[in-house]
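Engineer: have a look; sequence and predicted model below, questions after that.
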Amino acid sequence: MQLNKVPLKFLIIAVLSVIVNFRALAGNPVPEILIDNETIRISSTLVNFPDTVNGFDGDYYQLKFENKTANTIYVTWDLELKYENMCVNCEETKKPEYYRSITLTPNQVFESDCKKVTDRNYVMLKKFNNIETQALVNFYLRNLKTSKI
């Protein structure tokens, strides 16, 4: 009995698919691209952070910023947080406490870390896993602007 030969491209696709799925199952967070243009790429990754010192176990979105230029850039935006039953900072007049900014040097990549207090402007709590709270359904970077410094 002769077996049909599987085209090489289908074999490569199948192997890559298994590797990607294995990475996801192994707990390696997969980033979601939020913004990608000629100047900047912004992505978010959902990570779990069990804060054993304070007794919290939470899932957080961490932002990653990639300056794709040879210039220093200043990035600003208004953060909107959409929860199950409410939206924070979704009014037309934005609240100043949800205004965010970051300066990136040429070709800099900045990845926020939910464990660092200094990164709290670039991290959003999705939910606590050990406390009953409303979960963050989505978030938006509204009025995003980049300018060369």
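Structural biologist: Happy to help now that I have it. Note that the structure is a prediction, hence the values are computed from the model and not measured.

Engineer: pull out the buried positions in stretch 125-144.
Structural biologist: Neighbour counts over stretch 125-144 (16 or more other CB atoms under 10 Å) mark 125, 126, 127, 136, 139, 140, 141, 144 as buried. For the C-beta atoms, the positions are set from N, CA and C on the backbone; glycine is no exception.

Engineer: roughly how far does residue 119 sit from residue 112?
Structural biologist: The gap separating residue 119 from residue 112 is 4 Å, by CB to CB, to the nearest Å.

Engineer: have a look at these two and say which one is more surrounded.
Structural biologist: Legend: neighbour count by other CB atoms under 10 Å for residue 119 and residue 112, higher for residue 112 (22 against 15).

Engineer: what pLDDT is listed against the more buried one?
Structural biologist: What the model reports for residue 112 is a pLDDT of 95.

Engineer: mind listing what it touches?
Structural biologist: 62, 63, 64, 119, 122, 123 (CB atoms under 8 Å, 6 or more residues apart in numbering).

Engineer: of all those, which comes closest to residue 101?
Structural biologist: Among the contacts of residue 112, residue 122 lies closest to residue 101 (CB to CB), at 10.3 Å.

Engineer: and the closest residue to that closest one other than its chain neighbours, how far from residue 38?
Structural biologist: Excluding the flanking residues, the one nearest residue 122 by CB to CB, 6 or more residues apart in numbering is residue 112, at 3.5 Å. Distance check for residue 112 against residue 38: by CB to CB, it reads 23 Å.
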